[in-house]
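Asks: Structure of the sequence below:
(one chain, ligands or ions: 3)
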Amino acid sequence: MQLANAFFVLTIACSARQVRAHVAAWHKGMYCFNGTQPGFVNQNANEAVQPLFNLTRDEWWFHHKNNCDQFPPAPGDFLELPAGGTFTVEHAVNRAYTSLSYNGAGANEFLDGQPLPKLAENVELPCISSPNIHTQNESMAAGTAFAISYQSDITKVTEENLVVFTVLYNTPWRRIATYSVPASMPACPAEGCICAWGWVPNGCGEPNMYMLPYRCRVTGATSTIPLAPAKPAGWCEDDFSKCTPGAKQMIYWNQFEGNNIEVSGLDLSGHVRSPAYNVKLGFPNGAQNDIFLTGAAASSAASSAPRPTSTTPTSTPTSSSRPQDNSASRAGQLSHPALHYATLCFIFITLRLL
Ligand SMILES: *[C@@H]1O[C@H](CO)[C@@H](O)[C@H](O)[C@H]1NC(C)=O
Ligand SMILES: *[C@@H]1O[C@H](CO)[C@@H](O)[C@H](O)[C@H]1NC(C)=O
Ligand SMILES: *[C@@H]1O[C@H](CO)[C@@H](O)[C@H](O)[C@H]1NC(C)=O
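Replies: Ligands and ions are numbered 1, 2, ... in the order given. You can find the predicted model right below:
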């Protein structure tokens, strides 16, 4: 471990000028936490941070593009959502820069292990270049979200049963990101729920999107009223009466197929419209408290719902716990250049010291 830490510190020193970077919300409950190489724990994993752009629905849905969805978290590793409380994840451009790798040796205030973000030089609209988080400053950061589906089997999750339940404005910006959970979230089935993290950056680079799977469960639930079916959010910055009320879908945008929103023209601040998890699409900041069934649907669903019992799963999930696709190992090599670079750098520094 000592050696690993020393090695890592050199890696950081060496890679300080790397600018190619994207973001994931890191947590032990996420899929592809250890990378996508079967049987290998990659503390330097970056498969999850690859952005999604112009892909088929099959490719972008739950980050199937590089088989992230084929690598579920270890049994018992859940993203825990306390009803009415908060939960914390780490936004970072590589698992190496979180508290979850190398005993936290690479974690710092910002997403790339650095104490401060850097402004780009010589560009008309100064964007943060490192980490490459598609924003000019914190106030322009587009916002991120988590959605939940009350299905334990990831293959049963659909656009309609995956509901955005919390939004965090002005993120990603700092590594530590704390989201609020609606107080009325009902308990998950015994084997847990499937959650997803979403981000649609606004400007400063390729207009892509993020959708990552997690295994999650609600703790301390008191309500049994289910979530309503999710509808696509629409642009409503100019007229809040046009916002989609209640349960909303994640934003699926700029893909080859399966998009649920299109925008054109400029927003009120004069920038090209870019849909995001913020007020422009009618997402309030924090817990989304209007996502539950109401009226007759709610009372009949609540009376037939099983009473929440234990939040501990009674059996360990077995479905798709092993990768099924040979291309997994190909995708797993995505993070190798960083590792090789680090190795070369290590040798370089060692030679210089001699
Ligand atoms: C999206 O992908 C399609 C099919 O691969 C391609 O024809 C098209 O040029 C791509 N569009 C963009 C904006 O990259
Ligand atoms: C991933 O690695 C962690 C150690 O960092 C380990 O606790 C966990 O069991 C691994 N998950 C899987 C699915 O192998
Ligand atoms: C953030 O960046 C935007 C776009 O460049 C700019 O209009 C705004 O004044 C900046 N805000 C702060 C607090 O610097």
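Asks: quick one: low-confidence ranges for the stretch 51-200 of the chain?
Replies: 121-124 (pLDDT under 70).
Asks: Around ligand 2, which positions in it sit nearby?
Replies: 73-74 (CB under 6 Å from any ligand atom). C-betas here are computed from N, CA, C, even on glycine.
Asks: where does the nearest residue to residue 272 once chain neighbours are set aside land on pLDDT?
Replies: In this structure, residue 272 finds its nearest non-sequential neighbour in residue 266, 6.2 Å apart by CB to CB, 6 or more residues apart in numbering. Note on residue 266: pLDDT of 97.
Asks: Now for residue 266, how many residues are close by?
Replies: 10 (other CB atoms under 10 Å).
Asks: Just give the closest residue to residue 94, not the sequence neighbours.
Replies: Residue 94's closest residue in space is residue 46 (CB to CB, 6+ apart), at 4.7 Å.
Asks: Would you mind measuring from that neighbour to residue 291?
Replies: Plainly put, residue 46 is 32 Å away from residue 291 if you go by CB to CB, to the nearest Å.
Asks: Check residue 213 too.
Replies: For residue 213, the distance to residue 291 - CB to CB - is 19 Å.
Asks: Which of these two has more residues huddled nearby?
Replies: Neighbours were counted for residue 213 and for residue 291 using other CB under 10 Å; residue 213 has more, 26 against 22.
Asks: Tell me the residue of the protein that sits nearest ligand 2?
Replies: Nearest residue of the chain to ligand 2, counting by CB to the nearest ligand atom: residue 74, 3.3 Å away.
Asks: still on that earlier bit, gap between the residue nearest to residue 94 and residue 110?
Replies: 16 Å.
Asks: Ok, residue 267 next?
Replies: Residue 267 is 27 Å from residue 110, by CB to CB.
Asks: same question, residue 84
Replies: Distance from residue 84 to residue 110, by CB to CB: 30 Å.
Asks: Next: residue 83.
Replies: 31 Å.
Asks: Of these two, which one has the most company?
Replies: Set side by side, residue 83 and residue 110 show more neighbours around residue 110, with 23 against 19, by other CB under 10 Å.
Asks: any idea what sits nearest that one, other than its immediate chain neighbours?
Replies: In space, residue 110 is closest to residue 117, 5.4 Å off (CB to CB, 6+ apart).
Asks: How much space separates residue 31 from ligand 3?
Replies: 34 Å (CB to the nearest ligand atom, to the nearest Å).
Asks: Can you list phi and psi of the closest residue in space to that residue that isn't next to it in sequence for me?
Replies: Nearest non-adjacent residue to residue 31, counting by CB to CB, 6+ apart: residue 213, 4.4 Å away. Residue 213 adopts backbone torsions of phi -90, psi 150, taken as degrees, to the nearest 10.
Asks: Isn't residue 213 up against residue 64?
Replies: No - using CB atoms under 8 Å, residue 213 is not in contact with residue 64; the gap is 9.5 Å.
Asks: got a list of what residue 25 touches?
Replies: 89-91, 144, 146, 177, 197, 212 (CB atoms under 8 Å, 6 or more residues apart in numbering).
Asks: What is the nearest of these to ligand 3?
Replies: Closest to ligand 3, out of all of the contacts of residue 25 and judged by CB to the nearest ligand atom, is residue 144, at 17.9 Å.
Asks: tally of neighbours for that closest one?
Replies: 28.
Asks: Across the sheet, point out what pairs with it.
Replies: Under the criterion DSSP bridges, residue 144 forms beta bridges with residue 168, residue 199.
Asks: Would you check that it makes contact with residue 166?
Replies: No - Residue 144 lies out of contact with residue 166 (CB under 8 Å); the separation is 9.4 Å.
Asks: returning to what we had before: quick check on the residue nearest to residue 272: phi, psi?
Replies: Torsion angles, degrees, to the nearest 10, at residue 266: phi -110, psi 150.
Asks: I figured it was touching residue 273, is that so?
Replies: Yes - contact criterion CB under 8 Å: residue 266 and residue 273 qualify, at 6.3 Å.
Asks: How far off centre is the helix or strand hosting residue 165?
Replies: For residue 165, the element it lies in under DSSP states H and E is strand 163-168. Centroid separation for strand 163-168 versus its chain: 11 Å, with CA atoms, centre = their mean, to the nearest Å.
Asks: what helices or strands is it leaning on?
Replies: strand 144-149, strand 176-180, strand 286-287 (3 or more CB pairs under 8 Å, 6 or more residues apart in numbering; DSSP states H and E).
Asks: Kindly export that strand (C-alpha atoms) in CSV.
Replies: Coordinates of the C-alpha atoms in strand 163-168 are reproduced here as CSV (Å, rounded to 0.1, in the frame of the first residue of the first chain):
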residue,chain,number,x,y,z
VAL,A,163,-37.7,9.1,-12.5
VAL,A,164,-35.4,12.0,-11.7
PHE,A,165,-35.7,12.4,-7.9
THR,A,166,-32.9,14.8,-7.1
VAL,A,167,-31.0,17.6,-8.9
LEU,A,168,-27.9,19.5,-7.9
